[in-house]
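# Quick one, fold the following:
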Amino acid sequence: MITPILIKGGAALTATAAMIAGAPVLDNAFGSSEPAAMPVSWEQQRSADAESATSSHAAVLKAEEERKEAERKAKKKAERKEAERKAKKAAERKAAQERAARSRAQGGTPAQNRALGMQMCAERGWSSSQCDDLGRLWQKESGWSSSAHNSSSGAHGIPQSLPGSKMSSHGSDWSTSARTQIAWGLDYIAGRYGNPSNAWAHSQSRGWY
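Reported below is the predicted structural model:
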């Protein structure tokens, strides 16, 4: 009778010791009592949640910064392309202006040749009325065409130089260049008549100058 009482007392003492140690006592499948695993504390869980939230927030910030950086790069690329486009357009405009300036300088159409002639006439210091008479004179002679050629006499160009080769003294391009022809013609008028008005008056009275 004494032994069973001691065994029960031993089991009771074992359960009591486990409770004092702080571990809950649970019956296992075989009916024995053993300490159960302690759950994670609230502080530990909160710390883990905070760490997870911080990590997630950092990932969001990183993704946002990467997106902004991509946008900045795309904007810079677009701005660079726009600057290149504008530079190209500016270069094309400049080239076109230079071509037009060269064309005006050398003449071209009768209207361009006349405009060049008026400019060169004024640069000599002749008056506007004298330059107007030059316009009338060479309109009559050649229509301000640098390719005008009189097959019967051999007179050539805007001033109808006779022969045309006389104009070679002002440039080897005398047969096609309006500027060379005009320069020669103005020198001819200045040396023979003094100014375009006198040359025009002579042309009106004699039919030639």
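
# going forward, measure contacts between C-alpha atoms and count neighbours the same way
OK.

# Domains of the protein: list them as residue ranges, please.
52-106, 110-206 (automatic domain parsing).

# where's whichever strand or helix holds Tyr188 relative to the chain centroid, distance-wise?
Using DSSP states H and E, Tyr188 sits in helix 178-192. The chain centroid and the centroid of helix 178-192 are separated by 45 Å under C-alpha atoms, centre = their mean, to the nearest Å.

# what's the next secondary structure element after it?
helix 196-206.

# buried ones in that following helix?
For helix 196-206, a neighbour-count test (16 or more other C-alpha atoms under 10 Å) marks 196-201 as buried.

# right, and out of those, which lies closest to Ser129?
Ser197 (7.7 Å; C-alpha to C-alpha).

# my guess is that closest one meets Trp126, correct?
No - the criterion here is C-alpha atoms under 8 Å, and Ser197 misses it with Trp126 at 9.7 Å.

# joint contacts of these two?
Common contacts of Ser197 and Trp126 (C-alpha atoms under 8 Å, 6 or more residues apart in numbering): none found.

# elements contacting the helix or strand in which Ala50 is found?
If you go by DSSP H and E, Ala50 is part of helix 42-106. Counting by 3 or more C-alpha pairs under 8 Å, 6 or more residues apart in numbering; DSSP states H and E, the packing neighbours recorded for helix 42-106 are helix 110-123, helix 178-192.

# Nearest to Glu92 among those helices would be which one?
helix 110-123 (22.4 Å).

# mind listing what's buried in that closest one?
110, 112-118, 120-121.

# returning to what we had before: adding mean pLDDT and distance to Lys88, write the helices and strands packed on helix 42-106 out as TSV.
Putting these into TSV (pLDDT from 0 to 100; distance: least, C-alpha to C-alpha, whole Å) gives the following:
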stretch	mean pLDDT	distance to Lys88
helix 110-123	97	28
helix 178-192	98	32
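
# In JSON lines: those helices, plus distance to Ser142.
JSON lines is the format used below for the helices and strands packed on helix 42-106 (distance: least, C-alpha to C-alpha, whole Å):
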{"stretch": "helix 110-123", "distance to Ser142": "9"}
{"stretch": "helix 178-192", "distance to Ser142": "12"}
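
# If you rank every helix and strand of the chain by mean pLDDT, what lands last?
helix 2-21 (a mean of 45; mean pLDDT, DSSP states H and E).

# give the contact list for Gly164.
Contact partners of Gly164, counting by C-alpha under 8 Å, 6+ apart, are 154-157, 174-175.

# try 10 Å
149-150, 154-157, 174-175, 181 (C-alpha atoms under 10 Å, 6 or more residues apart in numbering).

# what's it sitting at in phi/psi?
phi -60, psi -30 (degrees, to the nearest 10).

# Make residue 1 into 47 and carry on from there
Sounds good: first residue 47 from here, last item Gly210.

# low-confidence ranges in the protein?
For the chain, applying pLDDT under 70 flags the ranges 47-86, 142-153.

# neighbours of Ser214, just the number please.
By other C-alpha atoms under 10 Å, 14 other residues sit near Ser214.

# from what I can see it touches Trp220, true?
Yes - in this structure, Ser214 is within contact of Trp220 by C-alpha atoms under 10 Å, at 5.5 Å.
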